[in-house]
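J.: the following comprises the amino acid sequence and a computationally predicted model.
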Protein chains: 2
Amino acid sequence: MDAEPLHRRIARDIERRIASGDWAPGFRIPTEAELTVEYGCARMTVSRAVSELAARGLVVRRRKVGTVVAHPPVHSSALVAIPDIQAEVQARGLAYSHRLMGRIVRPASADEAELGARVIELETLHLADGLPFAMEHRLISLTATPEAEAADFSAEPAGGWLLARAPWTEAEHRISAVGADRQTAEALGLEAGATCLRLERRTWRDGQGVTRVWQMFPGAAYDLVARFSPRKDQG
Amino acid sequence: MDAEPLHRRIARDIERRIASGDWAPGFRIPTEAELTVEYGCARMTVSRAVSELAARGLVVRRRKVGTVVAHPPVHSSALVAIPDIQAEVQARGLAYSHRLMGRIVRPASADEAELGARVIELETLHLADGLPFAMEHRLISLTATPEAEAADFSAEPAGGWLLARAPWTEAEHRISAVGADRQTAEALGLEAGATCLRLERRTWRDGQGVTRVWQMFPGAAYDLVARFSPRKDQG
DNA sequence: GAGTGGTCTAGACCACAAT
DNA sequence: TTGTGGTCTAGACCACTCC
């Protein structure tokens, strides 16, 4: 028998006709009433199918007008994998290790107000098979996670430690290309000014800043990849 | 009155209790039957609300077991805006223009087999207020879009032209940091080797390669930003 | 066996927008 | 006014999986 629910079969049927170009962008697809007849099912079932496609951005529904095939998306966004460094290193079959290069506790600057009054500042070198992989500079809010002050970040990288204790609800990532500053170049074994991919991440939990981290990767050795189909990730 | 549908109100209520930490990861939320009583509505309405949260990855549903709050995601992915250059320039309030620097038609190399037998190779400089903004290097499949051979890409940038004629169904993006090659440096007015953000995009339509493009941005002037809440972009 | 979610029905009323 | 989707009901049967 059909293991596949009817609403999904309907959705796939429509999706196929759109992907094949049979129903081009702007085409008005059959109404719910018509689909109800075509599939011999209740209106709610076709409604569910078409609503799912609308949620994914494949079609646009408007009362009275009907449901039309959406125009293809602009090259607007992509789901880019932002890997955890330890996982990334291990995924490459290399041995992960890290070295805490610096740790101070200090008041937050005006620019860091989201993190509260006091922060821990960490500098960590991530290594793959003993070779420098990435340099990390991190601020941790002692307002969001007071217990960070007593944590031993030379034993456990701060990223994993924080994830276990202070899951975030919002994050901002920023990706850029920069030349390595003197300290980073030295730690990574590069020449000063060498090309690096810079990944900045800021996270919040319920509006309270949790952490802010910059990671520098040697440009030649690292990139970010996003493979996807459009409209599958629509939100 | 309530403009908000009941199923959404239910979903938001649950989401709020999860975000507040009240219902922690692993917590088993009320069954559909219990929610039906709590909200005094039909089971299908609560089912719709909870299913929506499940689709977004906030909760995990299993028959007989019930619905439990999902564990927070690893720092695994982020929706990064991959802007169209023209739109990006105009969004900054600058005048967009472009200059076609090179165009040849040639056989595809073995490495470019996905694009078919013959390709157009384009080199385009994008300008903002007359100043170099990005250098673009592009291959267009003449199998996917034969009419590209006759198109005038000095009048219309290839990106927009393609989007209108050959919408893609799959894409891969790759972001890296590189030093500018001689030609790029010259076009962008940089020193050779200057830090650049390199964005590579490959697109397919139904398995047939459509285009492959590399864009180089001066590192200091450009970055990619992703702001998001976790689990909102689940697919 | 029994509890839970997954799906589906055959209706109903309402909201919106084009006419 | 009318056609269309948006939501909701009060049931029903089934599938899965823990006990």
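T.: Structure's in. What do you need?
J.: what is the burial count for the nearest residue to A:A70 once chain neighbours are set aside?
T.: Excluding the flanking residues, the one nearest A:A70 by CB to CB, 6 or more residues apart in numbering or on different chains is A:V60, at 5.0 Å. Heads up, the C-betas are built off the backbone N, CA and C, glycines and all. Other residues within reach of A:V60 by the criterion other CB atoms under 10 Å in any protein chain shown amount to 16.
J.: which helix or strand contains the closest residue to DNA strand D within chain A?
T.: Using CB to the nearest atom of the strand, the single residue of chain A nearest to DNA strand D is A:K64, 2.9 Å away. Applying DSSP states H and E as the criterion places A:K64 outside every helix and strand.
J.: now the residue sitting furthest away from the middle of chain A, what's its secondary structure?
T.: Among the residues of chain A, the one whose C-alpha is farthest from the average of all C-alpha positions is A:V37, by CA atoms, centre = their mean at 41.8 Å. At A:V37, secondary structure determined by DSSP: H, G, I helix; E, B strand; the rest coil is helix.
J.: that one and A:D129: what is the separation?
T.: 64 Å (CB to CB, to the nearest Å).
J.: which of the three states applies to A:R106?
T.: Using three-state DSSP, the structure places A:R106 in strand.
J.: what's the next secondary structure element after the helix or strand hosting the residue nearest to A:A70?
T.: Assignment of secondary structure by DSSP H and E places A:V60 within strand A:59-62. Remark: after strand A:59-62, the chain's next helix or strand is strand A:66-69, criterion DSSP H and E.
J.: what residues sit buried inside that next one?
T.: Burial within strand A:66-69, assessed by neighbour count using 16 or more other CB atoms under 10 Å in any protein chain shown, is assigned to A:67-69.
J.: and what of stretch A:115-133?
T.: Judged by neighbour count (16+ other CB under 10 Å), stretch A:115-133 contains these buried residues: A:115-116, A:119-128, A:132-133.
J.: just the residues you listed now: which is nearest chain B?
T.: A:H126 (13.8 Å; CB to the nearest CB).
J.: pLDDT wise, what is the closest one at?
T.: A:H126 carries a pLDDT score of 94 in this model.
J.: wait, a strand at it?
T.: Yes. Counting by three-state DSSP, one finds A:H126 located in a strand.
J.: who in chain A is up against DNA strand C?
T.: By the criterion of CB under 7 Å from any atom of the strand, the positions of chain A lying close to DNA strand C are A:5-8, A:40-45, A:48, A:62-65.
J.: switch to 6 Å and redo it
T.: When proximity is defined as CB under 6 Å from any atom of the strand, chain A approaches DNA strand C at A:5-7, A:41-45, A:62-65.
J.: OK, contacts around A:R201?
T.: Taking CB atoms under 8 Å, 6 or more residues apart in numbering or on different chains as the definition of contact, the neighbours of A:R201 are A:82, A:171-174, A:211-213, A:215, B:75.
J.: which of the residues you listed has the most neighbours?
T.: Counting neighbours by other CB under 10 Å, the top entry in the contacts of A:R201 is A:T211, with 27 neighbours.
J.: so which strand or helix has A:M216?
T.: The secondary structure element spanning A:M216 is strand A:208-218 (assigned by DSSP H and E).
J.: helices or strands up against that strand?
T.: Packing partners of strand A:208-218 (3 or more CB pairs under 8 Å, 6 or more residues apart in numbering or on different chains; DSSP states H and E): strand A:131-141, helix A:158-165, helix A:182-188, strand A:195-205.
J.: please redo it, this time with the cut-off set to 10 Å
T.: Using 3 or more CB pairs under 10 Å, 6 or more residues apart in numbering or on different chains; DSSP states H and E as the contact definition, the elements that strand A:208-218 packs against are helix A:85-91, strand A:118-128, strand A:131-141, helix A:158-165, strand A:170-179, helix A:182-188, strand A:195-205, strand B:170-179.
J.: now it against strand A:118-128, angle please.
T.: 30 degrees (axes from the mean of the first three to the mean of the last three CA atoms, to 10 degrees).
J.: so what strands line up beside strand A:208-218?
T.: Within its sheet, and counting by DSSP bridges, strand A:208-218 is paired with strand A:131-141 (antiparallel), strand A:195-205 (antiparallel).
J.: going by mean pLDDT, which of the ones you listed comes out lowest?
T.: Of all the strands paired with strand A:208-218, strand A:195-205 carries the lowest average pLDDT, namely a mean of 88.
J.: am I right that A:W168 sits in a helix?
T.: No. Secondary structure of A:W168, determined by three-state DSSP: coil, with no helix assignment.
J.: skipping its backbone neighbours, what lies nearest it in space?
T.: The shortest distance from A:W168 to any residue that is not its chain neighbour, by CB to CB, 6+ apart, is 3.6 Å, and that residue is A:T203.
J.: nearest to A:A158, of the strands paired with strand A:208-218?
T.: Nearest to A:A158, of all those, is strand A:131-141, at 5.6 Å by CB to CB.
J.: buried ones in the closest one?
T.: Along strand A:131-141, the positions that meet the burial threshold by neighbour count (16+ other CB under 10 Å) are A:132-141.
J.: circling back to that earlier point, as CSV, the strands paired with strand A:208-218 with distance to DNA strand D would be great.
T.: Output for the strands paired with strand A:208-218, formatted as CSV (distance: least, CB to the nearest atom of the strand, whole Å):
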stretch, distance to DNA strand D
strand A:131-141, 38
strand A:195-205, 29
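J.: now, which of the buried residues of strand A:131-141 sits nearest DNA strand C?
T.: The nearest one, if we look at the buried residues of strand A:131-141 relative to DNA strand C and count by CB to the nearest atom of the strand, is A:S141, at 35.7 Å.
J.: hang on, the earlier thing: could you dump the buried residues of strand A:66-69 into JSON lines and include distance to A:A192 and pLDDT?
T.: Listed next are these as JSON lines, based on distance: CB to CB, whole Å; pLDDT from 0 to 100:
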{"residue": "A:T67", "distance to A:A192": "58", "pLDDT": "95"}
{"residue": "A:V68", "distance to A:A192": "56", "pLDDT": "94"}
{"residue": "A:V69", "distance to A:A192": "54", "pLDDT": "91"}
